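[1] only geometry, no sequence info:
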């Protein structure tokens, strides 16, 4: 788990970075790293879908899963871009 930890913030930075703001940044970055993890997993699913598109017998049955995966990936990527 990635975590930025400061035991004591030096003087000039302590004026800007209080303990409450550091905890807010920790929560925000934890959420960002989890969103990136989900994005990586969805990209892995996309790669699996590329391999299965060659099979005409299951292509029609999996069409809705292709659409769902693409919408989820688009949503997560836009969320990461917004953060």
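    All right, it came through fine. From a predicted model like this one, the values you see are computed outputs, not experimental measurements.
[2] ok, residue 23 to residue 38 distance?
    Taking Cβ to Cβ, to the nearest Å as the measure, residue 23 falls 23 Å from residue 38. For the C-beta atoms, the positions are set from N, CA and C on the backbone; glycine is no exception.
[3] Give me the distance between residue 14 and residue 22.
    Applying Cβ to Cβ to residue 14 and residue 22 gives a distance of 10 Å.
[4] hang on, I meant residue 32
    Per Cβ to Cβ, residue 32 is found 15 Å from residue 22.
[5] same question, residue 57
    For residue 57, the distance to residue 22 - Cβ to Cβ - is 55 Å.
[6] Counting neighbours, go ahead and name the busier of these two.
    residue 22 (14 against 6; other Cβ atoms under 10 Å).
[7] which sections of the chain are below the confidence cut-off?
    1-7, 9 (pLDDT under 70).
[8] Just the buried positions in the longest helix along it, please.
    Counting residues, the longest helix in the chain under DSSP state H turns out to be helix 19-52. Under the neighbour-count criterion of 16 or more other Cβ atoms under 10 Å, helix 19-52 has 35, 38-39, 42 buried.
[9] what's the neighbour count on the closest residue to residue 42 other than its chain neighbours?
    Once flanking residues are discounted, residue 42 sits nearest to residue 73: 4.4 Å by Cβ to Cβ, 6 or more residues apart in numbering. The local packing of residue 73 (other Cβ under 10 Å) involves 17 other residues.
[10] Over to residue 80?
    Per other Cβ under 10 Å, the neighbour tally for residue 80 reads 13.
[11] Helix, strand, or coil at it?
    helix (DSSP: H, G, I helix; E, B strand; the rest coil).
[12] What distance do you get for residue 48 to residue 19?
    Taken as Cβ to Cβ, the span from residue 48 to residue 19 is 44 Å.
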